[in-house]
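Colleague: For reference, the sequence and a predicted model appear below.
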Amino acid sequence: MAIEIGRRQFISALGGAVATWPLAAHAQQPTTPVVGFLDTVPSDGYASKEVAAFRQGLKETGYVEGENVAIEYRWAENDPDRLPALAADLVRRRVNAIVAISAPASVVAAKATTTIPIVFLVPEDPVRLGLVASLSRPGGNMTGVNIFAAELAAKRLELLRTLVPTATRVAALLNPAEPTIAAANLRDVKAAAGTMGLQLRVLNASTIADIDAAFATFANERPDVLFISSGPFFNNRRVQLAQLATRYAVPAIHAERSYPEVGGLMSYGTDVADAFHQVGVYTGRILKGARPADLPVVQLSKFELVINAETARMLGLTVPPQLLATADEVIE
């Protein structure tokens with residue numbers, strides 16, 4: 001009798017253990033990782049090809065949005081003051097990684113967490129921004145991509161002078177609401193203008209109305225050429241900027257090819273879609289276990305010159321053969 005009871009107890013315990021195995025296995029299933037995407041612009045601020053390039057980078061590392069990774073998008077709607085609250089929200093949600101697009105978003109994300117991995121996309125040296133210890137060994141919880149948007153200011157002014165060799169006066173349009181980018185652009189364009197013997201006039205604009213007001217001053221005092229600073233706000237207003245430059249007949253140069261694609265005269269800079277793609281790849285590698293501290297900052301080294309020939313003709317400009325020969329694309 002005692003033996004029978006023992007057998008029953010053993011079988012009962014064994015059955016209970018078997019019943020719990022699926023539950024235990026299910027409980028140990030990895031949860032879907034969540035990526036926080038923090039950007040300064042509105043949700044429609046970047047053309048879909050940039051965000052698509054980011055998703056493609058994730059996909060190449062094995063992560064597909066909606067299948068095995070979730071992305072929490074946070075857009076500051078061109079208001080940098082909203083970034084701290086948006087970053088804090090992502091930290092509270094304990095996302096597995098944060099993608100920070102733009103220098104302001106990256107600086108805010110760095111202040112929000114020192115433990116959650118962060119992949120940034122910035123327009124200038126991230127060491128100077130205080131984001132990483134060095135480019136080859138970032139250290140800490142951050143790494144990412146530098147697109148050199150601010151650091152190419154002198155080269156852009158040189159190209160603009162090549163297109164308009166008679167220019168003596170240059171206006172620089174900056175956004176004081178993006179102080180880091182504005183300071184870097186002003187520093188470099190001021191030095192370049194001095195070297196070229198150009199008179200520099202600085203205009204500030206941080207709203208749509210400010211942009212209109214800045215161009216309205218050209219009715220009385222029109223510069224020979226216009227340098228437009230890099231930055232997410234101006235990029236989001238590229239159609240407005242391109243149209244105003246044409247209306248006031250001012251040759252302008254920009255940081256991204258998206259400007260000449262919508263009617264702007266000329267751009268010189270890195271391929272931003274490629275940068276987003278690389279951010280996606282790095283994010284995927286981090287989700288797989290790589291440490292930001294061990295991933296060198298990507299320094300995009302391919303720069304492209306894009307010229308809108310139709311806009312040049314509208315402005316009465318003849319593009320020099322040397323520019324046509326070196327242009328990566330001429331839009332007719």
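Modeller: Cool, the structure landed. Numbering: from 1, shown residues only.
Colleague: Would you map the helices across the chain?
Modeller: Shown for the chain, the helices assigned by DSSP state H span residues 2-27, 48-60, 83-92, 103-112, 153-163, 179-196, 208-216, 232-236, 238-247, 258-261, 272-287, 309-314, 321-326.
Colleague: can you list the ones you listed in TSV and add distance to residue 131, mean pLDDT and mean neighbour count?
Modeller: Glycine gets a C-beta too; all of them are placed from N, C-alpha and C. Converted to TSV, the helices of the chain look like this (distance: least, CB to CB, whole Å; pLDDT from 0 to 100; neighbours: other CB atoms under 10 Å):
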stretch	distance to residue 131	mean pLDDT	mean neighbour count
helix 2-27	38	45	9
helix 48-60	19	92	18
helix 83-92	14	98	18
helix 103-112	6	95	24
helix 153-163	20	93	21
helix 179-196	11	90	19
helix 208-216	28	97	15
helix 232-236	17	86	24
helix 238-247	26	96	18
helix 258-261	25	94	23
helix 272-287	14	96	23
helix 309-314	36	96	16
helix 321-326	33	94	11
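Colleague: can you tell which of these is closest to residue 137?
Modeller: helix 272-287 (15.1 Å; CB to CB).
Colleague: Next one: the closest residue in space to residue 109 that isn't next to it in sequence from residue 232, what distance?
Modeller: Nearest residue to residue 109, sequence neighbours excluded (CB to CB, 6 or more residues apart in numbering): residue 100, at 4.2 Å. Noted for residue 100: a distance of 12 Å to residue 232, by CB to CB, to the nearest Å.
Colleague: With residue 171 as the reference, name the closest of the helices of the chain.
Modeller: helix 208-216 (8.2 Å).
Colleague: thought the residue nearest to residue 109 was touching residue 38?
Modeller: Yes. Using CB atoms under 8 Å, residue 100 is in contact with residue 38, at 5.0 Å.
Colleague: Give me the common contacts of these two.
Modeller: Common neighbours of residue 100 and residue 38, counting by CB atoms under 8 Å, 6 or more residues apart in numbering, are 108-109.
Colleague: Return the set of residues that bridge with the closest residue to residue 329 other than its chain neighbours.
Modeller: In space, and not counting its chain neighbours, residue 329 is closest to residue 306: 4.8 Å by CB to CB, 6+ apart. Note on residue 306: beta-bridge partners by DSSP bridges are residue 267, residue 329.
Colleague: For residue 306, give me its contacts.
Modeller: 257, 260-261, 266-268, 327-331.
Colleague: Recalculate using a threshold of 7 Å.
Modeller: Residues near residue 306 by CB atoms under 7 Å, 6 or more residues apart in numbering: 257, 260, 266-267, 327-329, 331.
Colleague: Also residue 309?
Modeller: Residue 309 makes contact with 319, 330-332, according to CB under 7 Å, 6+ apart.
Colleague: same thing with residue 104?
Modeller: With the criterion set at CB under 7 Å, 6+ apart, residue 104 makes contact with 40, 80, 83, 178, 180.
Colleague: The residue nearest to residue 249 when sequence neighbours are not counted: neighbour count?
Modeller: Closest residue to residue 249 apart from its sequence neighbours, by CB to CB, 6+ apart: residue 315 at 5.8 Å. Residues lying near residue 315 (other CB atoms under 10 Å) number 17.
Colleague: who touches residue 315 in this structure?
Modeller: By CB under 7 Å, 6+ apart, the neighbours of residue 315 are 249, 251, 265.
Colleague: If I look at it, what pLDDT would I see?
Modeller: With respect to pLDDT, residue 315 scores 96.
Colleague: now do residue 137
Modeller: Reported pLDDT for residue 137: 94.
Colleague: out of the contacts of residue 309, who's nearest residue 76?
Modeller: Set against residue 76, the nearest of these by CB to CB is residue 331 (30.9 Å).
Colleague: pretty sure the closest one is touching residue 260, no?
Modeller: Yes. Counting by CB atoms under 7 Å, residue 331 does reach residue 260; the two are 5.6 Å apart.
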